[in-house]
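Build me a model from this:
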Amino acid sequence: MLQVSDITAFYGSSQALFGVSLKVRRDEVVTLLGRNGMGKTTTVKAIMGLVETGGGKIEFDAKKINGRPSYETARAGIGLVPEGRQIFPNLTVKENILATAANYRNQAEPYSIDDIMVIFPRLKERLNHFGNQLSGGEQQMLAIGRALMINPKLLILDEATEGLAPLVREEIWRGLAILKEKGLAILVIDKHLDSLFAIADNHYIMEKGRIVWEGRTSSLRDDAEIKSRYLGV
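Predicted coordinates:
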């Protein structure tokens, strides 16, 4: 579904990505791992068209998408939950969800508010609360729900549970497990390996703008040296 091939990216004269390649297949959960500042968010921004690529190719459903504006990438079927959530603070939960609702690909059964409430029941209790009245975990659930309302084929989460309390993290992971069962492809950045191992199929590790390791969950779980060298665990 998503094929990133040998992409480079720059911030001014400083190169941030050096030949990054990865893929996400249909119905698959893939992680992008690494310490802070290694290029994970830049890779996501490149996929979404928020950072220009200097070389390489990004394909989604066998169509090249790098060089296209970010709104076209979203309409093609990629939903982004950005780092920092970026919900609308002066809109209610219901208004935040409806603000992005669109069925660009004419899905027979597009996501509805009721579907989001099933995935994240806590939001049902907050439906008429404003975005700035929500906890950090509730804001993250809302950000995921908002991304789902464009009916994506691929959901990308940048720092899925950063800074959240353990119980709230469990709710996020439970919601992502539901989405995986529904067949949604997911690319996720996060630091909580045990939770990622429970839902992810494949993993990529970044170091200084490069992919330095890739493999299945079983391989990474059992490789203490790789986890210590690149992830600090």
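
Can you list the residue ranges for strands in the chain?
Secondary structure of the chain (DSSP state E): strands located at 2-11, 14-24, 29-33, 53-60, 63-64, 78-81, 154-157, 185-188, 202-207, 210-216.

Touching the shortest one from outside, list them.
The reference is to strand 63-64. Here strand 63-64 makes contact (Cβ atoms under 8 Å, 6 or more residues apart in numbering) with 57-58, 76. Placement of C-beta: from N, CA and C, glycine included.

got it, and stretch 185-197?
Contacts of stretch 185-197 (Cβ under 8 Å, 6+ apart): 1-2, 24-33, 40-41, 44, 83, 153-162, 169, 173, 176, 179-180, 200, 203, 217, 220-221, 227, 231, 233.

May I see the contacts of strand 63-64 arranged in a markdown table, with neighbour count, pLDDT and distance to residue 129 as well?
Listed next are the contacts of strand 63-64 as a markdown table, based on neighbours: other Cβ atoms under 10 Å; pLDDT from 0 to 100; distance: Cβ to Cβ, whole Å:
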| residue | neighbour count | pLDDT | distance to residue 129 |
| --- | --- | --- | --- |
| 57 | 15 | 97 | 43 |
| 58 | 23 | 97 | 37 |
| 76 | 18 | 93 | 32 |
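
Using JSON lines, lay out those residues together with distance to residue 118.
Listed next are those as JSON lines, based on distance: Cβ to Cβ, whole Å:
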{"residue": "57", "distance to residue 118": "37"}
{"residue": "58", "distance to residue 118": "32"}
{"residue": "76", "distance to residue 118": "26"}
